[in-house]
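Enquirer: Sequence below, structure please.
(3 chains)
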Amino acid sequence: MSKPKFAMYWAASCGGCEIAVLNIHEKILDVDAAFDVVFWPVAMDAKYKDVEAMQDGEITLCLFNGGMRNDENEHIAKLLRRKSKIMVAFGSCACEGCIPGLANFSSIQDMVDTAFTTITTDNPDNIRPVSSYAMPEGNITIPTLNPMLKTLDQVVDVDYYMPGCPPESHQITAVVDLVIAALNGKAELPAKGATIGAGNSTVCDECPRKRNVKTIKEFRRIQFTTTDPELCLLEQGIPCNGVATRSGCNARCPSAAAQCIGCYGPAEGVVDYGARLISAFASVIDSDSPEEIDKILDGLVDPAGQFYRFNLAGSLLRASKLAQKG
Amino acid sequence: MTEETKPFEPVIIGFTCNWCSYRAADLAGTARMKYAPNVRLIRLMCSGRLDPTFVFRAFAGGADAVLVSGCHPGDCHYSTQNYKALRRFLLMKRVLNQMGIESGRLKLLWASAAEGQIFANEITKFVEEVRLLGPLNWNTTGVNIPAEVAKEEVTA
Amino acid sequence: MQRITIDPITRLEGHGKIEIFLNEEGNVANTYFQIPELRGFERFCVGRPVEEMPLLTNRICGVCPEAHHMAAAKAVDAVYHVEVPPTGKKLRELLYMAFYATDHTTHFYALGGPDFIMGPDAPVAERNILGVIHKVGLEIGGKVIQMRKYGHTVVEIIGGRKVHPCTSIPGGLTKGITEEQRVEIEKMGRWAIEFAQFSLKAFNDIVLSNKTYLDLIVGDIYTHKTYYMGLVDANNKVNFYDGKVRVVGPDGKEYVKYEPKDYAANIAEHVEPWTYLKFPYLKNVGWKGFVDGPDSGVYMATPLSRLNTSDGMATPLAQAEYEKFYATLGGKPVHQRLAIHWARLIELLYAAEHWVELATDPEITSPNFHAIPTATPTEGVGIVEAPRGTLTHHYWTDERGVVTKVNLIVGTTNNYAPITMSIKKAADSLIKKGNVNEGLLNMVEMAFRAYDPCFGCATHSLPGQMPLEIIVRNPDGEPLEVLKQFCE
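Expert: Okay, here's the model as predicted:
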């Protein structure tokens, strides 16, 4: 009997999710024993043609990471959706846009212009890349960029979400075990649409630091202060997003004396991550006077970036007005 | 009037608190004070109940502006919760600015239950200010965004 | 005109595509190597607090985030005009050495190694990590996993996380290490030295002792005489973390040595409209197209470049290997691209040795790992050697330290022109009169794989083949012949 088929693909991503999978170390042999890896461009030899030749639903499990930055990303997302039974939005890029989603603060034209006019760029004719170029020998093509970066579920139907930038390897191991058990009839997969490989609470729950009632008179930037290693970072005025960020990462960053930047995405039940953080941060400000509140808020030099760092493309507003102008 | 010359009518969502501002609106209504009809009121028990999510959803859903209204500082029915609304409002404004939503589209108004006329006047004023700003036309789908980059073809 | 499309390139971060055109005689007319993606870091980092740059730029690459993290850390230090205390610098460099050892290991064993250990003409089915394991020994897979585990453990201890470290801030680090952690790091480093020596011995026994392979390495097919770039310390020895950028010419003589802050006076990036990536070149030599030689500004930045551009390695075991390397290959500089694989192993040994040096440094557990910046932030450049080449980060900020402008020149980008040239030369040499055969498949792969194009990670249990499909079409575009390797 042939083994169920496994695929992993990267759209507009950085490769960190692939490394996270490899960091399950010996566990990768369990993946190899349980599945036939049929498509994983970073690591093995199948091509788009081979996926196209498959039957619909032939791939049992597809871990799809990376955001939808261009039309090739969308095309492959739709192709793999057709060919896969279970499609997992793997990692922050696929779930909510992640860091490349920050491009949604400005227009795509601006983004390309910036890249092609840097101080070291030698571009006297002010060239920009074009999607089809006729060489003397023939036409060669590159994908067209989307005006706004999109999440995977803004393009295809997604079965499960696995958050994190990247998902922690111990979580990946847990999910691998669960899926193998489910395939052997020994466990049930959760309901469609569930978030897997992560906790149900916030990073605060996993954070070892002591927490008291927070009364912030000043937001501090981490380089300007020596932090107390035992005390909650937000309580010390360091803008830590752990309060609204999903648990599952073991609070790696606060344990290393760095603020949580939110890479595990919204906590359970949060509709708009940035809005939730606005609420949380506003709640801890210790002032009732508009002038003093404004002064305290001046300590957050980039609030939209702070609150939507990984989540902009997946938020309610999705992109700034500039990005919507094209 | 033709379609082109009809003035833009802003759609505004107004979050009011049960004890003060909603009663001010009620008073304006029962006293038959005239004021612009553009604000759709949503009643919360307290302005401190305002989750910024409501505001973001309003803008994403097509509102041209949002009004947040509660009891005067010091008069909150639940003691100090309107200060929470104040802090959230101030932080939201900064974030919305970065998103390209102008300051003039989010307004905070304190109004007591007796201030029906003031409430009506403020609303009328707000509607005119938003009318001048124009429609927000928030576009989350990416449809109708012009000039996709690198779509151009260069032929031999 | 006949067209051969190789799509996608694999084992490259992101995506890439090669188009080879044949003329009427069936010989190669031209080759194009296109990069089809652009994410826009130089735009969307604008408006962010500059201390976030070591965190944001991590996400340029999840295989080598440590490289971006370090370049960004140094750039933000420069922006704030703050001097990092010695312990802070040493901890960062220690993390970096452990990362280097891991990264060079995975590239060699799963990508480059099979070509040599099995041979370019070995059956395709064996030319992968499994074949390597059977030939060299079953423990090798376990050793590779162990090396990756150790490396990532050190990254997590010092950097806070295994992927996308979080502890570098302007002025140093958010935390230090305990003596207990130091002991563990030292022990892993000593194991890494043994592993590096084992790897070099394997390379010697299997590759250098085999005349066929040696001929391949020193042969002309993969040779280009370009300029070479790398960071060197005050003694002109290879340094991955700090120093000045040194460039030597095709003749091996120093062409220029500059401080990181002067990079823009020395490097420019050429633009073509058919790809999203630009082609860096030496500004003062000039862009003459995809050609090598002293009159062309094309330069290479790889482990081989770093050896060519330096006067030696700063640690004794690696230095001995460096001397043997040049003695074997006929002196400096070495132009043969396949020698990059050997140079990479010498760097692996240096990284492991320096790992132990830093782990046994008396200051390494000091609590003085951060200096609070006091100057007004302005502008700063940070340069490190990423495993794949010289990495440059340049930030400008306003007086609050909010980013106003960014310029990045990333490791593999340096090599965009050389890789294109290597692919073309391999294709030129092999495709004659329209005869496309299996040899082409592997030889083209070997041409770009030597550079370890950005994504050098692979697995242990998968076939590890380069997926290659070559479609030869007639002038009307109809397929005449399809050659496949490891695809259905």
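
Enquirer: From now on I want contacts and neighbour counts done on CA atoms only, so please keep to that.
Expert: Will do.

Enquirer: Nearest residue to the residue of the stretch 1-150 of chain C at minimum distance from chain A in space, please, no chain neighbours.
Expert: At 3.5 Å from chain A, C:Gly62 is the closest residue in the stretch 1-150 of chain C, using C-alpha to the nearest C-alpha. Sequence neighbours aside, A:Gly16 is the residue nearest to C:Gly62 in space, at 3.5 Å (criterion: C-alpha to C-alpha, 6 or more residues apart in numbering or on different chains).

Enquirer: got it, and A:Ile285?
Expert: Going by C-alpha to C-alpha, 6+ apart, A:Ile285 has A:Ile216 as its nearest residue, at 4.8 Å.

Enquirer: quick one: least confident helix or strand in chain B?
Expert: strand B:153-154 (a mean of 58; mean pLDDT, DSSP states H and E).

Enquirer: What parts of the stretch 151-300 of chain A come near chain B?
Expert: A:271-272, A:275-276, A:278-279, A:282-283, A:285, A:288, A:290, A:293-294, A:297 (C-alpha under 8 Å from any C-alpha of the partner chain).

Enquirer: For A:Pro303, see how far away the residue nearest to A:Ile285 is.
Expert: Note on A:Ile216: its distance to A:Pro303, by C-alpha to C-alpha, to the nearest Å, is 16 Å.

Enquirer: What of C:Gly113?
Expert: From C:Gly113 over to A:Pro303 (counting by C-alpha to C-alpha), the distance is 48 Å.

Enquirer: Could you do C:Val298 as well?
Expert: 43 Å.

Enquirer: same check, this time on A:Thr121
Expert: 32 Å.

Enquirer: So if I had to pick from the two, which one is more boxed in?
Expert: Using other C-alpha atoms under 10 Å in any protein chain shown as the criterion, A:Thr121 and A:Pro303 rank with A:Pro303 on top: 23 against 20.

Enquirer: Need the pLDDT of that one.
Expert: pLDDT, A:Pro303: 98.

Enquirer: try the one 5 residues further on
Expert: For A:Tyr308, the pLDDT comes out at 98.

Enquirer: What about it, how many residues nearby?
Expert: 27.

Enquirer: any low-confidence regions in the chain?
Expert: This is for chain A. A:1, A:42-46, A:326 (pLDDT under 70).

Enquirer: my bad, the chain I had in mind was chain C
Expert: For chain C (pLDDT under 70), the answer is C:10-14, C:110-112, C:114-115, C:118-134, C:136-138, C:437-442, C:445, C:454-488.

Enquirer: who's in contact with the residue nearest to the spatial centre of it?
Expert: Centroid check for chain C by C-alpha atoms, centre = their mean gives C:Arg388 as the closest residue, at 1.2 Å. Listed by C-alpha atoms under 8 Å, 6 or more residues apart in numbering or on different chains, the contact set of C:Arg388 reads C:301-303, C:411-412, C:451-454.

Enquirer: OK, now which residue of the stretch 301-450 of chain C is nearest to chain A?
Expert: For the stretch 301-450 of chain C, C-alpha to the nearest C-alpha, closest residue to chain A: C:Ile372, 5.5 Å.

Enquirer: so A:Val51 touches A:Trp40, yeah?
Expert: No. With contact defined as C-alpha atoms under 8 Å, A:Val51 does not reach A:Trp40; the gap is 10.6 Å.

Enquirer: ok, C:Gly172 touching C:Pro373?
Expert: No. Using C-alpha under 8 Å, C:Gly172 makes no contact with C:Pro373, being 9.7 Å away.

Enquirer: okay, these two: which has more neighbours?
Expert: Neighbour tally, C:Gly172 and C:Pro373, criterion other C-alpha under 10 Å: the higher count belongs to C:Gly172, 30 against 20.

Enquirer: Strands of chain B, start to end?
Expert: Assigned by DSSP state E, the strands in chain B fall at B:12-17, B:39-44, B:65-70, B:106-110, B:153-154.

Enquirer: quick one: which of those strands is nearest chain C?
Expert: Using C-alpha to the nearest C-alpha, the nearest of these to chain C is strand B:153-154, at 9.3 Å.

Enquirer: So the residue sitting nearest the centre point of chain B versus chain A, what's the distance?
Expert: Closest residue to the average C-alpha location of chain B: B:Val66 at 0.9 Å, with C-alpha atoms, centre = their mean. Per C-alpha to the nearest C-alpha, to the nearest Å, B:Val66 is found 15 Å from chain A.

Enquirer: Now do the contacts for that residue.
Expert: B:12-15, B:55, B:58-59, B:105-107.

Enquirer: quick revisit: separate out the buried members of the residues of the stretch 151-300 of chain A next to chain B.
Expert: A:272, A:275-276, A:278-279, A:282-283, A:285, A:288, A:293, A:297 (16 or more other C-alpha atoms under 10 Å in any protein chain shown).

Enquirer: Out of those residues, which two sit at the greatest distance?
Expert: A:Asp272 and A:Asp288 (25.6 Å; C-alpha to C-alpha).

Enquirer: Show me which residues of the stretch 101-250 of chain C sit near chain A.
Expert: C:145, C:148-149, C:159-161, C:163, C:166-167, C:169-171, C:174-175.

Enquirer: same thing but 10 Å
Expert: Contacts of the stretch 101-250 of chain C with chain A, taken as C-alpha under 10 Å from any C-alpha of the partner chain, map to C:110-111, C:141-142, C:144-146, C:148-149, C:152, C:156-176.

Enquirer: The strands of chain B into JSON lines, with extra columns for distance to A:Val130?
Expert: As requested, the strands of chain B are exported to JSON lines (distance: least, C-alpha to C-alpha, whole Å):
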{"stretch": "strand B:12-17", "distance to A:Val130": "42"}
{"stretch": "strand B:39-44", "distance to A:Val130": "46"}
{"stretch": "strand B:65-70", "distance to A:Val130": "39"}
{"stretch": "strand B:106-110", "distance to A:Val130": "41"}
{"stretch": "strand B:153-154", "distance to A:Val130": "6"}
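
Enquirer: quick one: the helices in chain A?
Expert: Ranges of helices within chain A are A:16-22, A:28-34, A:48-52, A:71-83, A:92-96, A:108-115, A:169-183, A:203-206, A:252-255, A:273-284, A:290-297, A:303-308, based on DSSP state H.

Enquirer: As PDB, could you dump the C-alpha coordinates of the fourth one?
Expert: What that stands for is helix A:71-83. Taking C-alpha atoms only, helix A:71-83 is exported to PDB below (Å, rounded to 0.1, in the frame of the first residue of the first chain):
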ATOM      1  CA  ASP A  71       0.600  36.100  -9.400                       C
ATOM      2  CA  GLU A  72       2.900  33.000  -9.400                       C
ATOM      3  CA  ASN A  73       2.400  32.700  -5.700                       C
ATOM      4  CA  GLU A  74      -1.400  32.700  -6.200                       C
ATOM      5  CA  HIS A  75      -1.200  30.300  -9.100                       C
ATOM      6  CA  ILE A  76       0.700  27.700  -7.100                       C
ATOM      7  CA  ALA A  77      -1.500  28.200  -4.100                       C
ATOM      8  CA  LYS A  78      -4.600  27.400  -6.200                       C
ATOM      9  CA  LEU A  79      -2.900  24.500  -7.800                       C
ATOM     10  CA  LEU A  80      -1.800  22.900  -4.500                       C
ATOM     11  CA  ARG A  81      -5.300  23.600  -3.000                       C
ATOM     12  CA  ARG A  82      -6.800  21.500  -5.800                       C
ATOM     13  CA  LYS A  83      -4.400  18.700  -5.500                       C
END
